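> Build me a model from this:
(2 chains)
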Amino acid sequence: EAGVAQSPRYKIIEKRQSVAFWCNPISGHATLYWYQQILGQGPKLLIQFQNNGVVDDSQLPKDRFSAERLKGVDSTLKIQPAKLEDSAVYLCASSLDTSRLAGRRETQYFGPGTRLLVL
Amino acid sequence: AQKITQTQPGMFVQEKEAVTLDCTYDTSDPSYGLFWYKQPSSGEMIFLIYQGSYDQQNATEGRYSLNFQKARKSANLVISASQLGDSAMYFCAMRRGGSQGNLIFGKGTKLSVKP
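Numbers count the residues shown, from 1 in each chain, chains lettered A, B, ... in the order given. Have a look, this model is predicted:
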């Protein structure tokens, strides 16, 4: 079974530029998450999708960050314009279906992440 | 507020010995899930083990076991027979109760296995 795919793996941009990340979840997983992990910290949720609907985007800086999952499969996360403090690893994860939380069905599987450096 | 606390920034263990990584959590929800993930230097978060709040027995997955003490709100990870490849960051996480399943993570513990 293929895991969560993300691209690019690395990105270096200058502040005020824009950048986009792509994620393809595990086949059949209805729930998709984007996390931001700043160096030395644990991941922090940015946005959560259930199929193509947003479940939680309370911690997404909506003035500069946007995300979509139009067909309920792939997702893109965009930053425009980027700031220095956006330098982090952006992790995408997926899980089967959290609308019916039941033990290991809620386990989230992560992709390799995208390391973003904003100069 | 829901919170995960990992008090050990770094730990050392000799190869082939066992090690315990501490995790305490805070929640008022009766139903929750606890997870441990491993993050090697490559950056990917690797799922290790899961414990549900209503599970009667402590979870085990190969060399990993979870010492779940509900009254003390602790969920320590025990790695038996440490291997050099176990050197990594380890994160404890909790599913936020009442929401749709996203995770709250601790700050992590860096484990170094010595040969």
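> which residues does A:Thr31 bridge with?
For A:Thr31, the beta-bridge partners under DSSP bridges are A:Gln50, A:Ser95.
> who touches stretch B:9-20?
Where contact means Cβ atoms under 8 Å, 6 or more residues apart in numbering or on different chains, the residues beyond stretch B:9-20 that reach it are B:21, B:67, B:76-84, B:107, B:109-115. C-beta: built from backbone N, CA, C; applies to glycine.
> Now the buried members of these.
Neighbour counting over the contacts of stretch B:9-20 (16 or more other Cβ atoms under 10 Å in any protein chain shown) leaves B:21, B:76-79, B:82, B:107, B:109, B:111, B:113 as the buried ones.
> Tabulate those residues (JSON lines), appending pLDDT and distance to chain A.
Supplementary listing: the buried ones among the contacts of stretch B:9-20 in JSON lines, determined by pLDDT from 0 to 100; distance: Cβ to the nearest Cβ, whole Å:
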{"residue": "B:Leu21", "pLDDT": "98", "distance to chain A": "14"}
{"residue": "B:Asn76", "pLDDT": "98", "distance to chain A": "17"}
{"residue": "B:Leu77", "pLDDT": "98", "distance to chain A": "15"}
{"residue": "B:Val78", "pLDDT": "98", "distance to chain A": "19"}
{"residue": "B:Ile79", "pLDDT": "98", "distance to chain A": "19"}
{"residue": "B:Ser82", "pLDDT": "97", "distance to chain A": "22"}
{"residue": "B:Lys107", "pLDDT": "95", "distance to chain A": "6"}
{"residue": "B:Thr109", "pLDDT": "97", "distance to chain A": "11"}
{"residue": "B:Leu111", "pLDDT": "98", "distance to chain A": "15"}
{"residue": "B:Val113", "pLDDT": "97", "distance to chain A": "21"}
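> Helix, strand, or coil at residue 35?
Chain wasn't specified; assuming chain A. Reduced to three states with DSSP: H, G, I helix; E, B strand; the rest coil, the structure at A:Tyr35 is strand.
> was after chain B, sorry
B:Phe35 carries the three-state label strand when classified by three-state DSSP.
> Wait, it touches B:Met94, no?
Yes. Contact between B:Phe35 and B:Met94 holds when scored by Cβ atoms under 8 Å: they sit 7.4 Å apart.
> thinking again about what came up before, which of the contacts of stretch B:9-20 fall within helices?
Secondary structure from DSSP state H places none of the contacts of stretch B:9-20 in helices.
> Confirm for me that A:Glu106 is in contact with B:Arg95.
Yes. Taking Cβ under 8 Å as the definition, A:Glu106 is a contact partner of B:Arg95 at 6.0 Å.
> Can you give me the buried ones in whichever strand or helix holds B:Phe12?
With elements delineated by DSSP states H and E, B:Phe12 resides in strand B:10-14, which encompasses its position. Using 16+ other Cβ under 10 Å as the burial criterion, the residues of strand B:10-14 that qualify are B:Val13.
> Of A:Glu106 and B:Arg95, which one has the most company?
Set side by side, A:Glu106 and B:Arg95 show unequal neighbour counts under other Cβ atoms under 10 Å in any protein chain shown, the larger going to B:Arg95 at 28 against 22.
> Tell me how many other residues crowd B:Lys3.
Taking other Cβ under 10 Å as the criterion, the count of residues near B:Lys3 is 11.
> nope, B:Ser53 is what I meant
By other Cβ under 10 Å, 18 other residues sit near B:Ser53.
> Next up, the contacts around the nearest residue to it once chain neighbours are set aside.
In this structure, B:Ser53 finds its nearest non-sequential neighbour in B:Tyr32, 4.7 Å apart by Cβ to Cβ, 6 or more residues apart in numbering or on different chains. For B:Tyr32, the contacting residues are B:25, B:52-53, B:94-97, taking Cβ under 8 Å, 6+ apart as the criterion.
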